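Asks: just coords:
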């Protein structure tokens, strides 16, 4: 278990390129900064290439794109592939028909090293029946580990199906992260933040992407768990403030202790 | 007084479609989530129809639109009308000439079930002289209850003129909400949040839109009042954090007690 | 030292026009509100003129523009010049080639009264070798006071090169502000907030732009310092909340006392 990836982010400060949605972008930028990475979030297609050349990881979030931004999104994806930069897709609400068409088309042209979504989103990419509800995970009875594995195999990538339990699969290896707090579900943007964190962990992982995904999930979930345990009530506003604090302060020893305590 | 609409939002988790401005969108999304609704905020005209079909309420905020987004805004409005989804207009800074032209044109083509604005904005829609100042309410000497009623009658809708006192009118019935805190005026986005809350309350109101508007104002204002009373000083940063916490935790009993205590 | 500019912002509530980036816009709006100004952040070119006519200051932030927004940015700049409104440029990441071309072109057509950037950004405008890194200041060995002065002379404006020490120059006069806290560097958007604050201070400065820049830096940095001193650990999430609180509450006497104490 390479908890030291956290320290490596803090010492290397990798630049992470983001196409974010306008809803949660501030939290994503602050989260990346708190954990020790350096976010860039340009919007002009003319500068995509030079911005990616200084980046060590990239995340594309489909939360609120306009159709005229799709050429920019595609270009960023292709450039990240050409430059061999680890690339994360966050297919927000991909169970909806238009988004499914757009995202499937993206996945046909671009290789994403990671796909991070909730149960409803990953199930949609697996072609499995699931009651997704807008941006929320929704309900269903599928075996989520199998769902993650199927998408990982189909798109030859590492899949993070995140939720109360995170299911991680690269098509061959599978694991879960069972830490966390229900507060992640109440605060909009937790998933978006995790997607960009995966890019940051991948950036310092020396191409061990499965471990990068696992450590991103484990450190994010466990930090949230530590923070939530210190809140008396379920407070979504205080949670994000304390989470940004703790992402900056948490040590790998604290993470390790919390995991041991739980097990 | 149907305070139980709050419980109904929490049990039904209605999906609320938003066209938000980029300034306050994160607070609006988090506020909706805190109170128990599920926000969606797409930007692509191609998916407007399918996103509205899963929505139980919609709010259009004119805080920072570009002119090339007007066809999207109009389409969303027409679709909400066709689908019979309760629709809220937040005519930010409509006292300014260009916005007045744009918003009047929208109101000619689309039926909004609710209009929520400050005194300067609602006065502008009533054609009444008022010294609005940018996004702020400004000053004037009109009878605000009459201003709200006039706009409600003109546009056949429920009007919420919000401020230190909220004036609510559907053209026939009128009421006020006198709870609140000056901190709402210091934090940018309080009004935007209220507009989206009205859509959420309308979604679970079984078509009692006057009561939905009244309960949205009363619960929002009273929750803010409870939170402000617990802050020693006038702290706008702490206020929004505590407000998001309390919107998730507040009970109808606490609201009822606070109202009684004040009366 | 005109600390009373802070009181003047609070009594006059100047409307400050902003072209913001979508990443930090909410903090900038809340920061302006906290300090006593009134932010407007429209996006439609059709309303630029009327919005600027009610504004007393303007700030253009190049953090995340699209190329099709450049005509809007140029128009706002020209109108601000025509209307004699103090105008601030925040040339985010201008060390990157495409941005350097865009910003240089803007500076050829528009007179900015202020340029506010970090060391890497101001060095790039001075044509001095510097290792900028994305949005971060990066490293170099230039004399930063000279760098600021050179850019001030080249563009006939007041330059604020902000960082652990702020270097302020109008090409003739030079000064520094040595207060602050490392937390400004951890929270994304501190620089963006300062740029808009300079516009607010300029708006009430009776054309004493050098003093406006100095007071904006001093009051912002010292308020941050006071807030950071009250935090036990380095907490970036709590810092921004407490900063927004304190910007609303801090008095000129507290600022003066903090400065004396440090000296």
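Replies: Nice, thanks for sending it over. The structure presented is a predicted model; accordingly, all values stated were derived computationally and were not measured. Numbering: from 1, shown residues only, chains lettered A, B, ... in the order given.
Asks: Show me what from chain A comes close to chain B.
Replies: Selection of chain A residues close to chain B by C-beta under 8 Å from any C-beta of the partner chain yields A:21-27, A:63-67, A:93, A:96-99, A:133-136, A:186-189, A:233-238, A:240-241. Yep, even glycine has a C-beta here, placed from its N, CA and C like the rest.
Asks: can you tell me which of those residues are in helices?
Replies: A:25, A:26, A:27, A:97, A:98, A:99, A:186, A:236, A:237, A:238, A:240, A:241 (DSSP state H).
Asks: where's whichever residue of the stretch 1-150 of chain A sits closest to chain B relative to residue A:66, distance?
Replies: Closest residue of the stretch 1-150 of chain A to chain B, C-beta to the nearest C-beta: residue A:98 (3.9 Å). As judged by C-beta to C-beta, to the nearest Å, residue A:98 and residue A:66 stand 12 Å apart.
Asks: among the residues of chain A next to chain B, which are in reach of chain C?
Replies: Okay, of the residues of chain A next to chain B touching chain C (C-beta under 8 Å from any C-beta), that's A:22, A:25, A:26, A:240, A:241.
Asks: Between residue A:98 and residue A:66, which contacts overlap?
Replies: Taking C-beta atoms under 8 Å, 6 or more residues apart in numbering or on different chains as the contact rule, residue A:98 and residue A:66 both touch residue B:44.
Asks: between the two, which one's more packed in?
Replies: Per other C-beta atoms under 10 Å in any protein chain shown, whichever of residue A:98 and residue A:66 has more neighbours is residue A:98, with 19 against 15.
Asks: Please list all residues in contact with the nearest residue to the more buried one once chain neighbours are set aside.
Replies: The shortest distance from residue A:98 to any non-neighbouring residue, by C-beta to C-beta, 6 or more residues apart in numbering or on different chains, is to residue B:47 (3.9 Å). Residues near residue B:47 by C-beta under 8 Å, 6+ apart: A:96, A:97, A:98, A:99.
Asks: The first one and residue B:50 touch, don't they?
Replies: Read that as residue A:96. Yes - at 5.6 Å, residue A:96 and residue B:50 qualify as touching, with contact defined as C-beta atoms under 8 Å.
Asks: more crowded one of the two?
Replies: residue A:96 (24 against 15).
Asks: residues in contact with the nearest residue in space to residue A:21 that is not next to it in sequence?
Replies: For residue A:21, ignoring the flanking residues on the chain, the nearest one in space by C-beta to C-beta, 6+ apart is residue A:63 at 2.8 Å. Each residue near residue A:63 by C-beta under 8 Å, 6+ apart is listed here: A:20, A:21, A:23, A:24, A:90, A:92, A:93, A:135, A:192, B:41.
Asks: redo that, cut-off 10 Å
Replies: Going by C-beta atoms under 10 Å, 6 or more residues apart in numbering or on different chains, residue A:63 touches A:19-25, A:90-93, A:99, A:135, A:188-189, A:191-192, A:195, B:40-43.
Asks: Please narrow these to those residing in strands.
Replies: In this view, the contacts of residue A:63 that belong to strands under DSSP state E are A:19, A:90, B:40.
Asks: where in the stretch 151-263 of chain A is pLDDT low?
Replies: Within the stretch 151-263 of chain A, the segments meeting pLDDT under 70 span A:262-263.
Asks: Tell me where it has helices.
Replies: Per DSSP state H, counting those that start in this stretch, the stretch 151-263 of chain A carries helices over the ranges A:183-186, A:190-203, A:209-230, A:236-249, A:252-262.
Asks: tell me the mean pLDDT for the host helix or strand of residue A:50?
Replies: Assigned by DSSP states H and E, residue A:50 belongs to helix A:48-53. What helix A:48-53 shows for mean pLDDT is 98.
Asks: Rebuild the ones in helices among the residues of chain A next to chain B as CSV, extending it with distance to residue A:218.
Replies: Shown next, in CSV, are those (distance: C-beta to C-beta, whole Å):
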residue, distance to residue A:218
A:25, 25
A:26, 25
A:27, 20
A:97, 34
A:98, 34
A:99, 29
A:186, 21
A:236, 22
A:237, 25
A:238, 23
A:240, 20
A:241, 22
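Asks: Of the residues you listed, just say which sits nearest to residue A:72.
Replies: Nearest to residue A:72 among those is residue A:25, at 15.4 Å by C-beta to C-beta.
Asks: Against residue B:235, how distant is the nearest residue to the closest one once chain neighbours are set aside?
Replies: Leaving out its chain neighbours, the residue that sits closest to residue A:25 by C-beta to C-beta, 6+ apart is residue C:23, at 5.1 Å. With distances taken as C-beta to C-beta, residue C:23 is found 24 Å from residue B:235.
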